[in-house]
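**Student:** Fold the stuff below for me.
(2 chains)
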There are 2 protein chains.
Amino acid sequence: MVDIIHRIGIKSTAAQVYKALTTIEGLAHWWTEETSGDAKIGGKIEFIFRSTTGELKGKMVMEVQDLNVEKNVRWRCVEGPNEWIGTDITFQLSSQDGQTILLFGHRNWREAIEMTSHCSMKWAVFLLSLREYVETGKGKPSPHDLKIDNWN
Amino acid sequence: MVDIIHRIGIKSTAAQVYKALTTIEGLAHWWTEETSGDAKIGGKIEFIFRSTTGELKGKMVMEVQDLNVEKNVRWRCVEGPNEWIGTDITFQLSSQDGQTILLFGHRNWREAIEMTSHCSMKWAVFLLSLREYVETGKGKPSPHDLKIDNWN
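**Tutor:** As a prediction, this is how the structure comes out:
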C-alpha cells in the first residue's frame, strides 16, 4: 500500500483546525465550495469539484469513520475515482511550539501511479489553503484553487 | 521503501526546466541560494540551508548519478540528515498540453516517519518555487522559502 503523507503547522488552536476539518462549512472554505452531507461519525460527505466555468471535474463521497475531538479524523472514500475508492484520508492534530501541527495522510493507495503524484502535490496546495483559511478566514477552495498541472 | 512523489506543470520549455535542475545557478534560484559544486554527471552538489538570520539549519550533498538532456535527472544523497543518506532525488520531464510536466521523486526512504511528511510538504513548496522561478524569473529559495511548520 502507498501513502501520501504531509505535515503542516497552523498558527491557531487545535479547536479551530478541528472545526475546519469536521464541519460542512469549514470544509467548504478550504477544499471545495460545493461540500454537503453529514459530517458526523458514520455520515457521508459529498465533495464536488468544478472548473471556474462550472464544468464538473470530479466528485468524491467520504464516509466519516473516526472523530476524536481536537485529535484526529478519518474518512474512507466510498465514491469517486476508481483509484480513490477504499483509500483513507486521515488528519492527526497536536500542539507544538504554539502551532497546531497537522499530520495529513491519504492512505492505502493500491499503487503509486502518476495520479498519486498529482494528488500528493494537490493535497499540499489544499493544506496551504486550509492554513490560510484557519489563520486569516479566507482559503482557496475549488474552484478558486491553485492549479498545479494540466490535470487541474 | 517509501517514496515521496509529486507532479507539477510548468508553462515553459523542457529546456528551461532542465536548466533550472542541472546548473548551480538554476538550483540556487529555487531550492537554496547557498548551492555550490559540480553539477555534471559524477559531480557533487552541496546545498546549505540557513535561517534568515544566518543560522545553519541543514546541509545536503547530492551526487549526480543520471542526466538525460531535457528528460531526467537523478541524484543520490551522500551527505545530510541520516534519514536522507542513500535516498534518491529524481526529476522526469515530459511535454503535455503546452506545459512541461515534472514528475518529482524523493525515493527509497527506509521508512515513513514524521520527517518524511515534513519533507513531502516542503518539497511541494519548493516545486512551486521552481515553477515560479522558471515562469517569472524569481523563485523562493532558502532562506526566503515559505515556512510550513515548526521544523521550518
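**Student:** can you tell me the helix or strand for residue A:106?
**Tutor:** When secondary structure is defined using DSSP states H and E, the element that contains residue A:106 is strand A:99-109.
**Student:** Name the residues of that strand that come out as buried.
**Tutor:** Of the residues in strand A:99-109, those scored as buried under the neighbour-count criterion (16 or more other CB atoms under 10 Å in any protein chain shown) are A:99-107, A:109. For every residue, glycine as well, the C-beta is placed using N, CA and C.
**Student:** Can you name every helix or strand that the helix or strand just after that strand contacts?
**Tutor:** Reading on from strand A:99-109 to the C-terminus, the next helix or strand found by DSSP H and E is helix A:114-136. Packing partners of helix A:114-136 (3 or more CB pairs under 8 Å, 6 or more residues apart in numbering or on different chains; DSSP states H and E): strand A:2-10, helix A:14-22, strand A:99-109, strand B:2-10, strand B:99-109, helix B:114-136.
**Student:** Indicate which one of the ones you listed is closest to residue B:91.
**Tutor:** strand B:99-109 (5.8 Å; CB to CB).
**Student:** Partner strands of that closest one and their direction?
**Tutor:** Based on DSSP bridges, the pairing partners of strand B:99-109 within the sheet are strand B:2-10 (antiparallel), strand B:88-96 (antiparallel).
**Student:** Give me the residues contacting the last one.
**Tutor:** Translated: strand B:88-96. Residues external to strand B:88-96 that are found in contact with it (CB atoms under 8 Å, 6 or more residues apart in numbering or on different chains): A:150, B:9, B:14, B:17-18, B:21, B:62, B:65, B:70-77, B:100-108.
**Student:** send the alpha carbons of that strand over as PDB?
**Tutor:** Coordinates of the C-alpha atoms in strand B:88-96 are reproduced here as PDB (Å, rounded to 0.1, in the frame of the first residue of the first chain):
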ATOM      1  CA  ASP B  88      17.500   9.300  -4.400                       C
ATOM      2  CA  ILE B  89      16.000  12.500  -5.800                       C
ATOM      3  CA  THR B  90      14.600  12.100  -9.300                       C
ATOM      4  CA  PHE B  91      13.100  14.600 -11.900                       C
ATOM      5  CA  GLN B  92      11.400  13.300 -15.000                       C
ATOM      6  CA  LEU B  93      10.300  15.800 -17.700                       C
ATOM      7  CA  SER B  94       7.700  15.500 -20.500                       C
ATOM      8  CA  SER B  95       5.700  17.900 -22.600                       C
ATOM      9  CA  GLN B  96       1.900  17.900 -22.400                       C
END
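**Student:** Buried ones in that strand, by neighbour count?
**Tutor:** Taking 16+ other CB under 10 Å as the basis for neighbour counts, the residues of strand B:88-96 that come out buried are B:88-93.
**Student:** Next, report how far that strand is displaced from the centre of its chain.
**Tutor:** 11 Å (CA atoms, centre = their mean, to the nearest Å).
**Student:** again, but for stretch A:94-103
**Tutor:** Relative to its parent chain, stretch A:94-103 has a centroid offset of 18 Å by CA atoms, centre = their mean.
**Student:** Between the two ends of that stretch, how far is it?
**Tutor:** Taking CA to CA, to the nearest Å, stretch A:94-103 runs 9 Å from one end to the other.
**Student:** now residue A:40, nearest residue through space, not along the chain?
**Tutor:** Using CB to CB, 6 or more residues apart in numbering or on different chains and skipping the chain neighbours, the partner closest in space to residue A:40 is residue A:64 (6.5 Å).
**Student:** Am I right that that neighbour is in contact with residue A:24?
**Tutor:** No. Between residue A:64 and residue A:24 there is no contact under CB atoms under 8 Å: 11.3 Å.
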